[in-house]
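Colleague: Output the structure for:
(2 chains)
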2 protein chains.
Amino acid sequence: MSSTQTFLDAIANRRTIYDLKQELPAGVKIEDVQHVIQTIVKNTPTALNSQENRAIILTGEAHRQVWDRVLKSITSKDGRKRPTSVRDEAYGSVIFFTDNETTNEFRKKFPGFSNAFNDAAYYTSGAVQIESWAALETLGLGCHLQHYNEAVKAALPLDIPISWRVHSQLCFGAPVKGAPAKDFIDNPVRILN
Amino acid sequence: MSSTQTFLDAIANRRTIYDLKQELPAGVKIEDVQHVIQTIVKNTPTALNSQENRAIILTGEAHRQVWDRVLKSITSKDGRKRPTSVRDEAYGSVIFFTDNETTNEFRKKFPGFSNAFNDAAYYTSGAVQIESWAALETLGLGCHLQHYNEAVKAALPLDIPISWRVHSQLCFGAPVKGAPAKDFIDNPVRILN
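Modeller: Numbers count the residues shown, from 1 in each chain, chains lettered A, B, ... in the order given. The predicted model follows:
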């Protein structure tokens, strides 16, 4: 198959998989997850090559502690279900950031594009998050993306720089079962010539 | 090679290529470009499956007219260089949008997540833009991403819905030469366990 089709298939096969076991699929190591995330964080483009994306991978006790703190920050019984399942059923979580210090440096250097740099941090982080999700599922992992940003920020180990803005959490593990069928709208991409 | 590595290579090989010819590489048709963009627009995840991404592909006279109007909206001689080269040297351009009407519908339906839906439109659009860029370069195209959003919005054919918010323009053609080497910062993704 062409590399283009392999790339597109990875994107088309990416799904939200909530039902996870606290292990990695056979033959996959946590360093494989790290290789995927590192390659994507390094090579995803940023406005004027500002390279503001950051990520850490939590697993084992670090994952358990962070999600236990997130859980304890939530009062409603319904609201506690998801972080409980992340803590007890996901093998790990990737926390995605952009470094506000870097974004702000570029905003000051190029004041005419100040708002554009803020938007660009969201564009590039979105690409890193969604590419990582697709790539980890090609390794056989199941993943779902969460946004407990404030609670995660407060729960992280203290050596994470304060300037790192939390964008999302990609929770991963061995999938217990796949995702249900997905509905698509009619949304044609037209060629105008 | 594994599909994971093929996916990562496409991301790592994506570069900004400004020097373009007004043609497609041998063996590539505009319908191949359409297949890539359609697959990515369809399958890139959106908040609560809101499916707010939209895209059109401009080529030929439609591309020339839009970029000629963008060019005429710019007064500085330096500022006119890039849109001139896009008009005269790119084979086409993909215009990426999200539909504000869709985003706003979901903001109203889920008022507790109103700001989150706005951020999510940027995340998903960023992923669509950057995935499309990487995928088109696997086909042998050269691409660069532009943000003449206001000027493009004003220059588009009148049948594009007013609620479609312009995020960027991916300009493409046959590459005349590759991109120079890129500098990377030291940015390790750590595993905490």
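
Colleague: Against which helices or strands is the longest strand anywhere in chain A packed?
Modeller: For chain A, the longest strand by residue count, based on DSSP state E, is strand A:164-175. Applying 3 or more CB pairs under 8 Å, 6 or more residues apart in numbering or on different chains; DSSP states H and E, we find strand A:164-175 packed against strand A:20-21, helix A:77-89, strand A:92-99, helix A:114-138, strand A:142-146, helix A:149-155. Heads up, the C-betas are built off the backbone N, CA and C, glycines and all.

Colleague: and the residue nearest to A:Arg15 when sequence neighbours are not counted, which of the three is it?
Modeller: The spatial neighbour of A:Arg15 that comes closest, neighbours along the chain excluded (CB to CB, 6 or more residues apart in numbering or on different chains), is A:Ala179 at 3.8 Å. At A:Ala179 the chain is in coil, as set by DSSP: H, G, I helix; E, B strand; the rest coil.

Colleague: Isn't A:Ala179 up against A:Leu20?
Modeller: No - judged on CB atoms under 8 Å, A:Ala179 makes no contact with A:Leu20 at a distance of 11.8 Å.

Colleague: okay, these two: which has more neighbours?
Modeller: Neighbour count, other CB atoms under 10 Å in any protein chain shown: between A:Ala179 and A:Leu20, A:Leu20 has more, with 23 against 16.

Colleague: so who does the residue nearest to that one when sequence neighbours are not counted touch?
Modeller: The shortest distance from A:Leu20 to any non-neighbouring residue, by CB to CB, 6+ apart, is to A:Gly173 (3.4 Å). A:Gly173 is in contact with A:20-24, A:89-92, A:141-142, counting by CB atoms under 8 Å, 6 or more residues apart in numbering or on different chains.

Colleague: Report the beta-bridge partners for A:Gly173.
Modeller: Applying DSSP bridges to A:Gly173 gives these bridge partners: A:Gly142.

Colleague: per-residue confidence at it?
Modeller: Looking at A:Gly173, its pLDDT is 98.

Colleague: for chain A, which spans come out with low pLDDT?
Modeller: Counting by pLDDT under 70, the ranges of chain A that qualify are A:1.

Colleague: my read: A:Gly142 touches A:Leu20, true?
Modeller: Yes - counting by CB under 8 Å, A:Gly142 touches A:Leu20, with 5.3 Å between them.

Colleague: what touches both of the two?
Modeller: Common neighbours of A:Gly142 and A:Leu20, using CB under 8 Å, 6+ apart, are A:172-176.

Colleague: how far away is the residue nearest to A:Arg15 from A:Ala10?
Modeller: As judged by CB to CB, to the nearest Å, A:Ala179 and A:Ala10 stand 15 Å apart.
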